[in-house]
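[1] this is a predicted model, with the sequence first.
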Amino acid sequence: MNAATGFVYHEDYLRHDTGDHPESAERLICIMKRLKERGLTEKMERILPVRASQEQIEYVHADAYAKKVEAMCKGGGGMLDPDTPLCRDTYSIALLAAGGVIKAVDAVMDESNDLKHIFALVRPPGHHANSNRGRGFCIFNNVAIAAEHLKRKYGAKRILIADWDVHHGNGTQDVFFEDPSVLYFSTHQYPHYPGTGWITEVGKGEAKGFTVNVPLPIGTGDAGYLYALNTILVPIAAEFRPEFVLVSAGFDAHSADPLSSMEVTSQGFGLFTNVIMAIAKKNCGGRIVMALEGGYNLNAIAESTLSVFNSLLANTGELREGAVGTSAQVTKRVEEIKEVQREYWKV
Ligand SMILES: [Zn+2]
């Protein structure tokens, strides 16, 4: 048993029934099967989630929005938006997803155990949901709620959210756009759903510079992502000095993903995890909670999750230079981002 690494999972996550839809229960079934086959579930602590309270949901979401989701589910479900189906159980399972990420944060903050890195294998995902609207398969913003929990329960003043899902986390950006206590960093395919996440979206007022968008061209692979992480995220994080690192871990930038056009490999996600671990080790005693977002090729998400856990378990967290094989397009984009962020950070 590796006492530092854990995962959150509950069979009830399978009960969010989306019908014939890419964001299916099969995703978690495949991930858990692969982890068991490779003996990883034996090596780690399993954390059982509990449902987030109404009060915790309202850290981020408007009361009226939460009530609307609850009422739709009570009535048997329906479509929250054209992409986002709800079933009778969805409200309760969405509370359990948010509660799973909260429970992971509490376990890492609990000094009486050795847990440092937890990956919350939850669904529905969350990063497209903002205060008053769920969309893009997302109901409640699990990671944003966990960040608010860190602020309110533990008094955290500097939280880093790194979002490597292939889509821009417009919901998370919205929630913290004027909040300098949360630094939101996102890599995403651009242009792509939901259309936001250009480099000039940097936050507002006091929080200018606390949103860092890295829109990447179609076809970006491991090398380009590592180059962006090492060149932009690593120096900004060194200056920001996060007290906790949250990761919106989607696997839809994988080359096999049916909804996107990036070229990341399963091993690539393990390398990204090493970068995140290096940041967390240097700044906050290694404290990381990751939460599953998207990723729709079943084999790819199972392999990618495996790769992330192998990095967490190995706990090396070494930085790997990613410049080799970076395309000229990515290098140019990174320069443009540095130009924008130079006003706020020593990049
Ligand atoms: Zn996504």
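    Noted; the coordinates are in hand.

[2] use CA for all of it now, contacts and neighbours both
    Noted.

[3] can you pull the contacts of residue 173?
    184, 211 (C-alpha atoms under 8 Å, 6 or more residues apart in numbering).

[4] and it, its phi and psi?
    Backbone torsions for residue 173, taken as degrees, to the nearest 10, come to phi -60, psi -50.

[5] can you check residue 6 too?
    The phi/psi pair for residue 6 (degrees, to the nearest 10) is phi -140, psi 170.

[6] okay, it and residue 186: tell me how far apart.
    24 Å (C-alpha to C-alpha, to the nearest Å).

[7] with residue 255 instead?
    19 Å.

[8] neighbour count: these two, which is higher?
    More crowded of residue 255 and residue 186, by other C-alpha atoms under 10 Å: residue 186, with 27 against 19.

[9] what's the helix or strand for the more buried one?
    strand 182-189 (DSSP states H and E).

[10] nearest the geometric middle of the chain, what residue?
    residue 248 (0.5 Å; C-alpha atoms, centre = their mean).

[11] what sits closest to it if chain neighbours are left out?
    Of all residues not flanking residue 248 in the chain, residue 163 sits nearest, at 4.4 Å (C-alpha to C-alpha, 6 or more residues apart in numbering).

[12] contacting residues for the one you found?
    Residues near residue 163 by C-alpha under 8 Å, 6+ apart: 169, 184-187, 247-250.

[13] got phi/psi on it?
    The phi/psi pair for residue 163 (degrees, to the nearest 10) is phi -120, psi 100.

[14] repeat that for residue 247.
    phi -130, psi 130.

[15] I figured it hits residue 289, correct?
    Yes. The criterion here is C-alpha atoms under 8 Å, and residue 247 meets it with residue 289 at 6.3 Å.

[16] of the two, give the one with the bigger neighbour count.
    residue 289 (29 against 25).

[17] on the three-state scheme, the more buried one is what?
    strand (DSSP: H, G, I helix; E, B strand; the rest coil).

[18] show me the beta-bridge partners of it.
    On the basis of DSSP bridges, residue 289 is bridged to residue 118, residue 246.

[19] distance check, it against the ion.
    18 Å (C-alpha to the ion, to the nearest Å).

[20] ok, that residue to residue 106 distance?
    10 Å.

[21] for residue 234, give me its contacts.
    Applying C-alpha under 8 Å, 6+ apart, the residues contacting residue 234 are 275, 279.

[22] give me the neighbour count for residue 201.
    17.

[23] same question for residue 235.
    Around residue 235 there are 16 residues (other C-alpha under 10 Å).

[24] from here on, call the first residue 21.
    Shifting the count to begin at 21 puts that one at residue 255.

[25] quick one: the strands in the stretch 221-367 of the chain?
    Per DSSP state E, counting those that start in this stretch, the stretch 221-367 of the chain carries strands over the ranges 231-236, 264-269, 308-312.

[26] between those, which gets nearest to residue 194?
    strand 231-236 (9.7 Å; C-alpha to C-alpha).

[27] packing partners for that closest one?
    strand 202-209, helix 348-361 (3 or more C-alpha pairs under 8 Å, 6 or more residues apart in numbering; DSSP states H and E).

[28] quick check, residue 221 in contact with residue 231.
    Yes. Applying C-alpha under 8 Å, one finds residue 221 in contact with residue 231, separated by 6.9 Å.

[29] which residues of the stretch 221-367 of the chain lie near the ion?
    By C-alpha under 5 Å from the ion, the part of the stretch 221-367 of the chain that sits against the ion consists of residue 314.

[30] where in the protein is pLDDT low?
    337-343 (pLDDT under 70).

[31] one more time with 80
    Applying pLDDT under 80 to the chain flags the ranges 21-22, 336-344.

[32] residue at max distance from the center of this protein?
    Outermost in the chain, C-alpha atoms, centre = their mean: residue 95 at 30.4 Å.

[33] not counting sequence-adjacent ones, nearest residue to that residue?
    residue 108 (7.1 Å).

[34] which residues does the one you found contact?
    92-97.

[35] sorry, back to before: and the contacts of residue 183, which is closest to residue 215?
    Nearest member of these to residue 215, counting by C-alpha to C-alpha, is residue 189, at 10.1 Å.
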